[in-house]
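Visitor: structure, please.
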Amino acid sequence: MRCSASEFRLLLSLRRLWALNQRSAYQLLSGAQAHSVRRPSSMAAALTFWDRSPPYAALAVARLGEVPVSAVPDPKATKETVPTLSVAGETFTGSMILKYLARASKTRDELYGSDALASCQVDQWLETAAGIVSGAALESQCVALNDYLTLRTFLVGYNLTVADLAVWGQLQGSPLWKKVRSSGRVPHLARWFTFCSEVPQVKAAVDELEALGGKKGGAPSGPGSAGSKAAGTVSGADAKKAGVGAVSDGSVAGGAADSGGSFDIGLPGAEEGKVVTRFPPEPSGYLHIGHAKAALLNQYFADMYKGKLLVRFDDTNPSKEKDEFVENILKDISDLGLRYDRLTYTSDYFPQLLELGEKMIRAGYMYADDTPVEQMRDERLKSIESACRNRTVEENLRLWEEMKAGTEVGLANAMRFKIDMKSVNGTMRDPVAFRCNLAHHWRTGHKYKLYPTYDCACPFVDAVEGVTHALRTSEYRDREEQYYWILAAYQKVWPGLPHVHIWDYSRLNFVNTVLSKRKLTWFVETGRVESWNDPRMPTVQGILRRGMRIEALKEFILSQGASKNITFQEWDKIWTINKKLIDPVCPRHTAIEVDGKVLLTLEDGPAEPEVVVVPRHKKYPPAGKKALTRANQIWLEQVDAFTLAEGEEVTLMDWGNAIIKGIKKDPSTGAVTALSGKLNLDGDVKKTRLKLTWLAAVPQCEVVPLQLVDFDYLITKKKVEEDDNFVDLVNPTTRFEKIAVGDPNMRTLQKGDVLQLERKGYYIVDEPHGVKGASRPIVLFCIPDGRAKNMTKTAVPPS
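Guide: Residues are numbered from 1 along each chain as shown. Sure thing, here's the model as predicted:
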């Protein structure tokens, strides 16, 4: 099947609609999952083809899914020959090759979709891929694909599937693709293509086919090019779970640049099947958006190399840690879709760490120091050795026991690494390894009085748990030398500890935002915000409560890639992604602000109120329907009434046109107090200047009270510098409220529902009707849509 550029764009539009309707479609299709599907046995198969038109996608699928397939060029083949898969006496051509290989693979759920909906999406993309041909239409098809991939990592869902490689295979086999790619017109498609090409098994398949006679960079496109029509499959085995990739990110503050991040990199010393990464949150707060990036990046590399991901709670500071934080971090991890192989705690290793500490003292790598904290800090800054640095091993061991017992003498001491006080790297100037803390530990109680620092515990626990690659943000780059010194010292006193590679990446920064755990704690403890999940907080829970969809959050984070470039992101970017997800599906409702609302009397309006049924979303039927009451008296907002002129024709939304006959105003304020008008339902709605929202002003229209809440940044300065006192930059007023009434249909809204108040914006239900009494208003939080706007609401001081 071949299609024109216009037909191709239509297919892409259908894909977009399909993706947006996932939730409803899934409900319709999920019943299909109740029936088990017998997976084909992986018998040895032969893939024959014309050597000038290699089946790139088909062989890539086979190698990814570990399906035994031999690639055999047919010496008698011509340009009309299509690739053929022969297995158990049966032959397959076209997209059936890919479908068979995906179903026969060891990673069927990732390659072909884990549910009925995903599988149907993959099937449709296989049909689309068949229409990609090398010719005059290729460039326009690539532009359409580029548009589709602008905010997507993969064609279907969040992992690599057959759909991706079906399209990738067609481009790989096209001699014109290289020219289109280098034109600069398709950066997102080029990024996606590079990612697919760099998957190890895909590279191996390309190399294998080229060795058999295929031409690198694109063979002639024909019926069998790129693995035959729609011959393209890729398993999510290499990029599964998180669905990470590189999506355009516009990462320059204030810009819309398409300089997206990239994951097209590798880890040093990484071997497939042996990579182990870890995500080590400290349970002293909730996860923020920066932690989310760290978590997903660690998962990406574990998946890329078919390795493992560990989640480890770094619970070495009992003064700051709570089980509340552990529970909510686990909730955040679940919301992010992070799938880990093992959950551990640094406190699991306290006995070994104390044993390690004694070995380090005996080897002369640690010493006890009772220098006052401020003096120690000053001496480190000036490279001055402590007077305690040359204590004997025996004295250090005696003080070690005092510290373990938590005595007065022990409390006065800290155990320090003996490294190099003259080093130009300040982190190497004898950092603290252990210190006493008598606080209750959330997990071990009062069993221990002595705790390792993060710098002390991390290298040991990483090595013991078999972590091969420790990922850190680049702000800790100075500590890499320290990490390696400490690990090397441990390896000398604790034989058998393996090496750990450190790999750094850029921290995620946002304008008008602080991500420091200490500073975020200050906002909570001083009552500037309600809690860690306050919608003004940059925590995962705060952002979701504000109305962010988890898909948009992941899409944005993954768009940053694994870049080491430090940038400050605008919040507009992430909210724009979110809008593109919620706008096509969220129901529409009407709200009128109570303050200054104006009565419009329609002289020819219905004598008795009439109720009609209209869609909640005109372009999305699954949103359902709602009841609309029409009457001869309706409420308008003051801001709308003020702009009207006598004799003007306006459109009343979901009703028709009306002509304003009379306007009454308060002579002292100029505010409109009453309006009169006449319906003109035959009028042309396209010619009116104003389309007005309204509500019937009759008892039969049982409006519901609403509280509309909007928020501003917690910090007034766009980019907070290190030497800034952030307290001086705190925004004194960040919550704004308005009282309104909404249409009766809003009574059925539930907490977390997202809706659009027409001509106002998008909102999420934070407190539904009746939760705290029938008289309490529904509380709606305004969801930013990526556009700057003035905060002109009534300010409410932080409570």
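Visitor: from here on, just use CA atoms for contacts and neighbour counts.
Guide: Will do.
Visitor: now for the nearest residue to residue 637 once chain neighbours are set aside, how many residues are close by?
Guide: In this structure, residue 637 finds its nearest non-sequential neighbour in residue 597, 4.7 Å apart by CA to CA, 6 or more residues apart in numbering. Using other CA atoms under 10 Å, residue 597 is surrounded by 19 other residues.
Visitor: OK, contacts around residue 603?
Guide: 632, 676, 677, 678, 679 (CA atoms under 8 Å, 6 or more residues apart in numbering).
Visitor: quick one: end-to-end length of stretch 446-457, please.
Guide: Counting by CA to CA, to the nearest Å, you get 19 Å between the two ends of stretch 446-457.
Visitor: show me what counts as buried in it.
Guide: 448, 449, 450, 451, 452, 453, 454, 455, 456, 457 (16 or more other CA atoms under 10 Å).
Visitor: for residue 584, see how far away the closest residue to the first one other than its chain neighbours is.
Guide: Spelled out, that is residue 448. Excluding its sequence neighbours, the residue lying closest to residue 448 (CA to CA, 6+ apart) is residue 404, at 7.2 Å. Distance, residue 404 to residue 584, using CA to CA: 61 Å.
Visitor: between these two, which one's more packed in?
Guide: Neighbour tally, residue 404 and residue 584, criterion other CA under 10 Å: the higher count belongs to residue 404, 19 against 16.
Visitor: secondary structure class for that one?
Guide: Recorded secondary structure, residue 404: helix (DSSP: H, G, I helix; E, B strand; the rest coil).
Visitor: and it, what does it touch?
Guide: Contacts of residue 404 (CA under 8 Å, 6+ apart): 410, 436, 448, 449, 450.
Visitor: for residue 462, what are its contacts?
Guide: Applying CA under 8 Å, 6+ apart, the residues near residue 462 are 468, 470, 500.
Visitor: ok now the host helix or strand of it, how far from the chain's centre?
Guide: Residue 462 is part of helix 454-464 when elements are defined by DSSP states H and E. Mean-position distance between helix 454-464 and its chain equals 29 Å (CA atoms, centre = their mean, to the nearest Å).
Visitor: again, but for stretch 578-597
Guide: Distance of stretch 578-597 from the chain centroid (CA atoms, centre = their mean) equals 24 Å.
Visitor: equivalent analysis for stretch 728-736, please.
Guide: 27 Å.
Visitor: which parts of it are buried?
Guide: Burial within stretch 728-736, assessed by neighbour count using 16+ other CA under 10 Å, is assigned to 730, 734, 735, 736.
Visitor: just stretch 371-380 next, same as before
Guide: Result for stretch 371-380 [16+ other CA under 10 Å]: buried residues 371, 376, 379, 380.
Visitor: would you check that the second one makes contact with residue 386?
Guide: Right, residue 376. Yes - taking CA atoms under 8 Å as the definition, residue 376 is a contact partner of residue 386 at 7.5 Å.
Visitor: from the buried residues of stretch 728-736, which land in strands?
Guide: Among the buried residues of stretch 728-736, the ones falling in strands (DSSP state E) are 735, 736.
Visitor: mind putting the buried residues of stretch 728-736 into JSON lines with pLDDT and distance to residue 90?
Guide: Formatted as JSON lines, the buried residues of stretch 728-736 follow (pLDDT from 0 to 100; distance: CA to CA, whole Å):
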{"residue": "730", "pLDDT": "96", "distance to residue 90": "71"}
{"residue": "734", "pLDDT": "96", "distance to residue 90": "68"}
{"residue": "735", "pLDDT": "97", "distance to residue 90": "68"}
{"residue": "736", "pLDDT": "97", "distance to residue 90": "68"}
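Visitor: the buried residues of stretch 728-736 into CSV, with extra columns for distance to residue 754?
Guide: Below are those laid out as CSV (distance: CA to CA, whole Å):
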residue, distance to residue 754
730, 30
734, 22
735, 20
736, 19
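Visitor: for residue 188, state which of the buried residues of stretch 728-736 is nearest.
Guide: Using CA to CA, residue 734 comes nearest to residue 188 of the buried residues of stretch 728-736, at 36.7 Å.
Visitor: is the closest one in contact with residue 709, as I believe?
Guide: No - Residue 734 lies out of contact with residue 709 (CA under 8 Å); the separation is 10.4 Å.
Visitor: rewinding a little: a markdown table for the buried residues of stretch 371-380, including secondary structure, pLDDT and distance to residue 298?
Guide: Shown next, in a markdown table, are these (DSSP: H, G, I helix; E, B strand; the rest coil; pLDDT from 0 to 100; distance: CA to CA, whole Å):
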| residue | secondary structure | pLDDT | distance to residue 298 |
| --- | --- | --- | --- |
| 371 | coil | 97 | 39 |
| 376 | helix | 97 | 36 |
| 379 | helix | 97 | 37 |
| 380 | helix | 96 | 33 |
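Visitor: so can I have a markdown table of those showing distance to residue 345?
Guide: Output for those, formatted as a markdown table (distance: CA to CA, whole Å):
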| residue | distance to residue 345 |
| --- | --- |
| 371 | 31 |
| 376 | 30 |
| 379 | 33 |
| 380 | 31 |
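Visitor: can you tell me what sits against stretch 737-751?
Guide: Stretch 737-751 has contacts (CA under 8 Å, 6+ apart) with 589-595, 626-627, 695, 701-710, 764-769, 793-796.
Visitor: please convert the buried members of those into ChimeraX selection syntax.
Guide: The following ChimeraX line selects those of these that are buried, judged by 16+ other CA under 10 Å:
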select :589,590,591,592,593,594,626,695,701,702,703,704,705,706,707,708,709,710,764,765,766,767,768,769
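Visitor: need the helix or strand of the chain with the lowest average pLDDT.
Guide: In the chain, the helix or strand scored least confidently by mean pLDDT, DSSP states H and E is helix 22-29, which has a mean of 36.
Visitor: now, the contacts of stretch 737-751 that are in strands?
Guide: Those of the contacts of stretch 737-751 lying in strands (DSSP E): 589, 591-593, 626-627, 695, 704-710, 764-767, 794-795.
Visitor: ok so, going back, between the buried residues of stretch 446-457, which is closest to residue 279?
Guide: Using CA to CA, the buried residues of stretch 446-457 come closest to residue 279 at residue 454, 13.7 Å.
Visitor: nearest residue to the closest one other than its sequence neighbours?
Guide: residue 316 is the one closest to residue 454 (CA to CA, 6+ apart), at 6.9 Å.
Visitor: you'd agree the one you found is in a helix?
Guide: No - looking at residue 316 with three-state DSSP, it is coil, so not inside a helix.
Visitor: can I get the buried residues of stretch 446-457 in CSV including pLDDT and distance to residue 350?
Guide: Below are the buried residues of stretch 446-457 laid out as CSV (pLDDT from 0 to 100; distance: CA to CA, whole Å):
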residue, pLDDT, distance to residue 350
448, 97, 8
449, 97, 11
450, 98, 9
451, 98, 8
452, 98, 8
453, 98, 11
454, 96, 12
455, 96, 14
456, 98, 12
457, 98, 9
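Visitor: tabulate these in TSV, adding columns for distance to residue 64.
Guide: Converted to TSV, the buried residues of stretch 446-457 look like this (distance: CA to CA, whole Å):
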residue	distance to residue 64
448	49
449	51
450	49
451	46
452	44
453	43
454	39
455	39
456	40
457	38
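Visitor: show me the shaky parts of the stretch 251-400 of the chain.
Guide: The model of the stretch 251-400 of the chain has pLDDT under 70 over residues 251-265.
Visitor: still on that earlier bit, other SSEs contacting the very next helix or strand once past the helix holding residue 462?
Guide: Helices and strands here follow DSSP H and E; after helix 454-464, the next one along the chain is strand 469-473. Under the contact criterion of 3 or more CA pairs under 8 Å, 6 or more residues apart in numbering; DSSP states H and E, strand 469-473 touches strand 276-279, strand 501-505.
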